[in-house]
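Peer 1: Structure of the sequence below:
(one chain, ligands or ions: 1)
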Amino acid sequence: MDIRRVTHEDVDEIVAFTEGTFEWGDYVPDMISSWVDDRDSLVVVADNGSEIAGVGRVMLMSPSEAWSHAVRVHPDHRGHGIAGDLLDTMTAWCFKRGVSIIRLLIDDTNKASKRHVTKTGFRLVATPMHASREIGGTTPNPDGNGGRRTSDVVPARRVKSADAAMLAAAWPSSECGRAMRTLVATGWQFARLTDEVAEEAARSGGLWEIGSSWAVTTLNDATFDVALLDSDPADALGAIRALIDLAKTEQAERFGMWIADIEWLTQAAALAGCDL
Ligand SMILES: CC(C)(COP(=O)(O)OP(=O)(O)OC[C@H]1O[C@@H](n2cnc3c(N)ncnc32)[C@H](O)[C@@H]1OP(=O)(O)O)[C@@H](O)C(=O)NCCC(=O)NCCS
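Peer 2: Alright, predicted model coming up:
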């Protein structure tokens, strides 16, 4: 099996075997063409001489961190360690560039993937939870739909770049930051929260203080994304409601939020009408 860099000629074959990867489909068919010439990432394929048996991508997140994703093995070729071979080549490419940490995210229910990454030497460091809800219309939720509003919801206040480093410094030692291993989301990828990342969030207007809580947010199309939320048991529900209010102000249609897997925090998200 030849593990080599992807070419434009491989694209149709990759699309054909990835279209129905998951029940919801897959993002690989839409993205693969745009990845081929990107020099800050590596897409490798497993070529058995007659067909493409697997594909995977790793991208640089910072000088020391990389993110691996989009590993897909053709359904006819699973169970032969091909994903491990892809990951070995991606790992060697990263180490050559001075990267010391490769991270990836897998769904807790994906048994084959969990087995594959465990065999390849990865270990579980954090369990981020994704909470989401629609904004605006009536969205029934068994745990409540935002609950009864109290009049003393603390509004979110934009943080200036000058104060960003102070918040970034608090993240590694807070309960939420420890549970998240100091990571912050960029869409569905995670990297360490550095002063630079926090300052950039502030510059683009996405760093917020809500009472004693604080958050990093982005608006992507019609989705308001919370990439980081630092809070405490007393303030979590109010902070999440304030963030949902912000999403409404920004005229977002959906609200998505990455939070640490801490009971009081996931409960607050459910009370604010989010599905987890
Ligand atoms: C997850 C995936 C990439 C693993 O690739 P792989 O090359 O089959 O990996 P491995 O050969 O190391 O097998 C891993 C585990 O899959 C399971 N497995 C074995 N044969 C399998 C088959 N025919 N079909 C599905 N899973 C199988 C086994 O539990 C195996 O562990 P074992 O070797 O200890 O028995 C592949 O199953 C896949 O493409 N799945 C769909 C896409 C996906 O979930 N990608 C990862 C998202 S983060």
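
Peer 1: Could you check how far W188 is from E175?
Peer 2: 24 Å (Cβ to Cβ, to the nearest Å). All C-beta spots, glycine's among them, are computed from the backbone N, C-alpha and C.

Peer 1: Ok, S64 next?
Peer 2: Counting by Cβ to Cβ, the gap from S64 to E175 is 26 Å.

Peer 1: And S50, by the same measure?
Peer 2: Going from S50 to E175 by Cβ to Cβ gives 53 Å.

Peer 1: now do the same end-to-end measure for stretch 19-27.
Peer 2: One end of stretch 19-27 to the other measures 8 Å (Cα to Cα, to the nearest Å).

Peer 1: Whichever residue of the chain sits closest to the ligand: neighbouring residues, count only.
Peer 2: Across the chain, the shortest distance to the ligand (Cβ to the nearest ligand atom) belongs to G79, at 2.4 Å. The local packing of G79 (other Cβ atoms under 10 Å) involves 10 other residues.

Peer 1: which residues of the stretch 101-250 of the chain fall in strands?
Peer 2: Using DSSP state E, counting those that start in this stretch, the strands assigned to the stretch 101-250 of the chain run over residues 101-103, 129-134, 157-158, 183-186, 189-192, 207-210, 213-220, 223-230.

Peer 1: what sits up against the third one?
Peer 2: This means strand 157-158. Applying Cβ atoms under 8 Å, 6 or more residues apart in numbering, the contact partners of strand 157-158 are 202, 205, 207-210.

Peer 1: Give me the sheet partners of that strand and which way each runs.
Peer 2: strand 207-210 (antiparallel) (DSSP bridges).

Peer 1: chain center to the strand it pairs with: distance?
Peer 2: Strand 207-210 sits 20 Å away from the centroid of its parent chain (Cα atoms, centre = their mean, to the nearest Å).

Peer 1: How about it, which residues are buried there?
Peer 2: Residues 207-210 are the ones in strand 207-210 that count as buried (16 or more other Cβ atoms under 10 Å).

Peer 1: Give me the angle between the host helix or strand of Q267 and strand 223-230.
Peer 2: Q267 belongs to helix 263-271 when assigned by DSSP states H and E. Interaxial angle, helix 263-271 versus strand 223-230 (axes from the mean of the first three to the mean of the last three Cα atoms, to 10 degrees): 160 degrees.

Peer 1: What residues sit buried inside helix 263-271?
Peer 2: Across helix 263-271, burial judged by 16+ other Cβ under 10 Å covers 265-266, 268-271.
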